[in-house]
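> curious how this folds, go ahead:
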Amino acid sequence: MPAAVTALAIATGDSIFASGGCQRCHGVKGVGAQNGPSLVAGPWLHSTGKFDEIVATITTGVPRTALKDQA
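Predicted coordinates:
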């Protein structure tokens with residue numbers, strides 16, 4: 001695991017995800033929903049799955065033009 005992946009970082013991420021910001025698109029438990037792909041299975045859509053790329057996507061988001069429902 002990368003050095004940045006600590007128990008505190010995992011707990012903080014879980015709290016942020018569960019608060020609704022991520023669940024709104026990616027569904028409960030990250031299994032995918034109408035406008036967001038599964039975060040637990042399937043291909044990576046906006047990166048190769050490397051830690052730094054995942055952090056960048058979480059930090060900056062996905063361009064609106066790359067979303068399924070751009071409304």
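> send me the helix or strand of the chain with the lowest mean pLDDT as CSV with only the CA atoms.
The weakest-scoring helix or strand in the chain, judged by mean pLDDT, DSSP states H and E, is helix 23-26 (a mean of 86). Output of helix 23-26 as CSV, limited to C-alpha atoms (Å, rounded to 0.1, in the frame of the first residue of the first chain):
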residue,chain,number,x,y,z
GLN,A,23,-22.8,7.5,-3.1
ARG,A,24,-25.0,9.9,-5.1
CYS,A,25,-23.3,8.7,-8.3
HIS,A,26,-21.6,5.5,-7.4
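> let me see the residues that make contact with the helix or strand following it.
As assigned by DSSP states H and E, the chain's next helix or strand after helix 23-26 is helix 51-60. Residues outside helix 51-60 that contact it (CB atoms under 8 Å, 6 or more residues apart in numbering): 2, 4-5, 46-47. From N, CA and C alone the C-beta is placed, and that goes for glycine too.
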